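1. Okay, here's the prediction I keep looking at, along with the sequence it came from:
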Amino acid sequence: MADLSNTLDAFWMPFTANRQFKKAPRMMVSAKGMHYTSDDGRKILDGAAGLWCVNAGHCRQEIAQAIAREAERLDYSPAFQIGHPNAFRLANELAAILPHPMDRIFFVNSGSEAVETALKIAIAYHQARGEGRRTRLIGREKGYHGVNFGGISVGGMGPNRKSFGPLLTGVDHIRHTYSRQDMAFSRGQPEWGAHLADDLERLVLLHDASTIAALIVEPMAGSAGVIIPPKGYLERLREICDAHGILLIFDEVITGFGRTGASFGAQKFGVVPDLMTLAKGLTNGAVPMGAVAARRQIYDAFMDAPEGTIELFHGYTYSSHPLAVAAALATLGIYRDDGIFERVAELAPYWEDAVHSLRDLPTVIDIRNIGLVAGIELEPIEGKPAARAFGIFLDCFHERDLLIRTTGDILALSPPLILEKEHIDQMVGTLGDAIKAAA
Ligand SMILES: Cc1ncc(COP(=O)(O)O)c(C=O)c1O
């Protein structure tokens, strides 16, 4: 048998240009605080919080110790018909920071699973209340809701959908909220665009409200390139959903846990959904975990089933896994004790000024920001979409010791929320140099 121990061939990497990567690999071997260390010994400033998840900074001792302790004490406990006390404690702690009345929590293992779970709960909720015709799911163009079939069906990013067949039936999409000519270089929420929410009325007319179970949107679209909701837009979506009995699902996998300057996007934008998906920052990325938060009356609707029956035929072997729960409890403790969410709100104006200082650089056509996240959109190279941004990503990684994310020709920054002003200066200065070099 061939000895594969020293080649990169066997690992089929996710969302990666495998052949290109394997010719010039980018490897991380350790991390601490704001930095990764690469296999060639460089300290790389993390401008992406890993993948939008390491909100409290890397390798926090409190989290590492909590995981290690739990691995020795309770490695696994069955998730169905059996519980363990910390899972209930975690649900209570989450309920305490979620917007009222979202205080019923279902645990899963990733953002994608959270999305599938929320979509299934939405449909089953209507069925439990005798409105079984409400099965249609509405997403939004440019939406990202993970990679499972429900998520890509309601998702709105073409490349993530096109290779996978007809997807779920009974799905439609409202239009996305981005218009460069109307909102370029907005600081925070754009003034223009609340009316785009009325597109939901178009689908209500088309399909009839009685067939629609839920609308799912990211409060701020992250993966499609940091698209900030226009002022009044989410409020209007809420009104339309209420008027037609449609559940509103916020996918807060990125916007949860402080990223926008409040605990959750729902609080930042002042709109409370019916269901919310969570993952990433829930465990600071240290152990895979996700969750769905539901308004209490949604949970209660399921509790009308006869006592002794299983109310929701759904769950995962690793729902509320003890190690993930331990990591999440320790993470929430750090967010609380270190005042991380408040810190984001304090730093956000400095961040905003810093990222908008890149405005006049060549090829920059838009800059968007909220909390501690920013998207910098570049003029594509003719005939080579995404090449300019990816070239900058490579240059930043290999030559400038900075990790960023790119989507198309958009550079995304979403650093750990523990960063200091010096890190902001370094990050933005480095990125500015890289943008100029690529122009
Ligand atoms: C809004 C949103 N939903 C869902 C997901 C999927 O999460 P996961 O990759 O943990 O399945 C992501 C991941 O980036 C996301 O940004």
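-> Sure thing, it's come through.

2. Nearest spatial neighbour of the residue of the stretch 251-400 of the chain found nearest the ligand, chain-adjacent residues omitted?
-> Nearest residue of the stretch 251-400 of the chain to the ligand: Val253, at 3.5 Å (CB to the nearest ligand atom). Every residue, glycine included, has its C-beta placed from N, CA and C. Of all residues not flanking Val253 in the chain, Gly111 sits nearest, at 3.7 Å (CB to CB, 6 or more residues apart in numbering).

3. got a list of what that neighbour touches?
-> In this structure, Gly111 makes contact with 145-146, 251, 253, 277-280, 290, judged by CB atoms under 8 Å, 6 or more residues apart in numbering.

4. Narrow these to those in strands?
-> In strands, defined here by DSSP state E, the members of the contacts of Gly111 are 251, 277-278, 290.

5. Name the pair among those residues with the greatest separation in space.
-> Within the ones in strands among the contacts of Gly111, two members stand farthest from each other by CB to CB: Asp251 and Gly290, at 10.7 Å.

6. Which of those two has more residues huddled nearby?
-> Of the pair Asp251 and Gly290, Asp251 is the one with more neighbours under other CB atoms under 10 Å, namely 33 against 28.

7. If I follow the layout properly, the more buried one ends up in contact with Ala279?
-> No. The pair Asp251 / Ala279 is not scored as a contact, 9.5 Å apart, by CB atoms under 8 Å.

8. Ile418 sits in which helix or strand?
-> Following DSSP states H and E, one finds Ile418 outside all helices and strands.

9. residues near it, how many?
-> Residues near Ile418, counting by other CB under 10 Å, number 21.

10. gap between the nearest residue to it once chain neighbours are set aside and Asp337?
-> In space, and not counting its chain neighbours, Ile418 is closest to Gly57: 4.2 Å by CB to CB, 6+ apart. The gap separating Gly57 from Asp337 is 13 Å, by CB to CB, to the nearest Å.

11. Could you do Met34 as well?
-> 19 Å.

12. quick one, which of those two is more surrounded?
-> Met34 (23 against 9).

13. Identify the residues contacting the more buried one.
-> Neighbouring residues of Met34 by CB under 8 Å, 6+ apart: 45-46, 57-58, 415-416, 418-419, 423.

14. Could you give the residue of this protein that lies closest to the ligand?
-> For the chain and the ligand, the shortest gap (CB to the nearest ligand atom) falls at Gly111, measuring 2.2 Å.

15. Can you tell me how far that residue is from Ile367?
-> As judged by CB to CB, Gly111 and Ile367 stand 26 Å apart.

16. swap in Ala71?
-> Going from Ala71 to Ile367 by CB to CB gives 44 Å.

17. Counting neighbours, go ahead and name the busier of those two.
-> Comparing Ala71 with Ile367 by other CB under 10 Å, the one with more neighbours is Ile367, at 22 against 13.

18. Please parse the protein into its domains.
-> With domains defined by automatic domain parsing, the chain comprises 18-60+339-438, 64-337.

19. now the ones you listed in JSON lines, with mean pLDDT?
-> Listed next are the domains of the chain as JSON lines, based on pLDDT from 0 to 100:
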{"stretch": "domain 18-60+339-438", "mean pLDDT": "98"}
{"stretch": "domain 64-337", "mean pLDDT": "98"}
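
20. mind listing what Ala354 touches?
-> 424-425, 428.

21. Near the ligand, list only the ones from these.
-> With CB under 6 Å from any ligand atom as the criterion, the contacts of Ala354 include none near the ligand.

22. Out of these, which end up buried?
-> Using 16 or more other CB atoms under 10 Å as the burial test, the contacts of Ala354 include 424, 428 as buried.

23. Show me the contacts of Ala354 that map onto strands.
-> Per DSSP E, the contacts of Ala354 never map to strands.
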